[in-house]
Structure formats: structure tokens, C-alpha cells
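Enquirer: next one to model:
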Amino acid sequence: METAVNHKNRTRSISCKVKEEQYRSLQEVADREGRPLGEWCREVIVGAIRNRGPLAEAFPKLILEELAALRGIVSSVIYDLATDSRLSVERMNEIIAHADQTKFERAAEIINQLLKHQVEHRHE
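Expert: Model prediction:
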């Protein structure tokens with residue numbers, strides 16, 4: 001927790017406008033953590049500055065890539081089991097290899113869809 005001296009050193013302000021439902025969501029999170037909304041927002045912003053290293057920036061993409069691979073594996077296994085009650089070791093290895101080969105492309109597609117969605121909603 002910061003001391004009063006550190007609080008006095010805060011001389012600059014940042015603000016932004018959000019939609020009413022976004023404000024309510026932010027307030028709910030701050031309330032759950034027992035923090036005033038402004039302090040909670042400040043901690044998130046300052047925390048984002050601290051976590052800007054290469055690993056921190058790459059980590060979400062890495063997680064998305066692995067989730068895309070896992071989704072591909074699960075979908076393929078379920079499909080194979082639903083259509084052919086037998087799943088060989090060779091077929092499982094093929095499924096995993098395909099998921100590993102396509103996970104980067106699939107993650108990039110998901111990121112592009114998300115960015116497109118954000119741009120569309122920004123213009124509302």
C-alpha cells in the first residue's frame with residue numbers, strides 16, 4: 001500500500017469516457033477488490049506499464065496459440081470418435097501434429113477478428 005507522501009507526488013491526471021455498462025462493470029470489479037474505482041484503475045494502468053517486457057507482451061499470444069491447438073485437438077478427437085469409434089495412436093499423432101502446425105495461423109485469425117470487432121464497436 002502506498003504512503004501519503006507517494007500520493008502527494010501524483011501530479012498528473014488521466015481520464016477517459018466509457019459507456020454506462022462498462023462503468024458499472026469497472027465499478028463492480030473495484031468493489032469486489034475493496035478499492036475505490038479511481039485507485040483500482042490507477043493500479044491497472046501502472047501495472048500495465050510494469051508488465052510491458054517482451055515476455056509479458058508475447059504471453060497472451062502464446063496462450064491463445066496453445067488454446068487454438070487444444071481446441072483443434074479436442075474437436076478432431078470428438079469428430080473421429082463420433083464417426084469412427086476407434087482412434088489409433090497414429091491418428092492421434094496426426095491430429096496433434098496438425099494442431100501444432102496450424103495454431104499460429106489460427107491464433108492470428110482470432111486476434112484479427114478481435115481487432116476488427118474492437119474497431120467496429122469503437123465507431124458506435
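Enquirer: which stretches of the protein form helices?
Expert: Taking DSSP state H, the helices of the chain run over residues 4-8, 20-32, 37-50, 54-83, 89-122.
Enquirer: the spatially most central residue of the chain and Ser13, how far apart?
Expert: Nearest residue to the geometric centre of the chain (C-alpha atoms, centre = their mean): Pro60, 5.8 Å. To Ser13, Pro60 is 29 Å away according to C-beta to C-beta, to the nearest Å. C-betas here are computed from N, CA, C, even on glycine.
Enquirer: residues contacting Glu120?
Expert: For Glu120, the contact set (C-beta atoms under 8 Å, 6 or more residues apart in numbering) is empty.
Enquirer: where does the protein dip in pLDDT?
Expert: The chain contains residues with pLDDT under 70 at 1-6, 51-57, 123-124.
Enquirer: okay, domains of it per the record?
Expert: 4-50, 54-122 (automatic domain parsing).
Enquirer: most tightly packed of the ones you listed?
Expert: domain 54-122 (a mean of 13; mean count of other C-beta atoms under 10 Å).
Enquirer: list the contacts for the residue nearest to Asp100 when sequence neighbours are not counted?
Expert: Distances taken as C-beta to C-beta, 6 or more residues apart in numbering place Ala69 nearest to Asp100, at 6.0 Å, with adjacent residues excluded. Neighbouring residues of Ala69 by C-beta under 8 Å, 6+ apart: 99-100, 102-103, 106.
Enquirer: export the residues you listed to a markdown table and append columns for distance to Val46.
Expert: Supplementary listing: these in a markdown table, determined by distance: C-beta to C-beta, whole Å:
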| residue | distance to Val46 |
| --- | --- |
| Ala99 | 38 |
| Asp100 | 37 |
| Thr102 | 38 |
| Lys103 | 33 |
| Arg106 | 33 |
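Enquirer: which of these sit farthest apart?
Expert: Farthest-apart pair in the contacts of Ala69 is Asp100 and Arg106; separation 11.0 Å (C-beta to C-beta).
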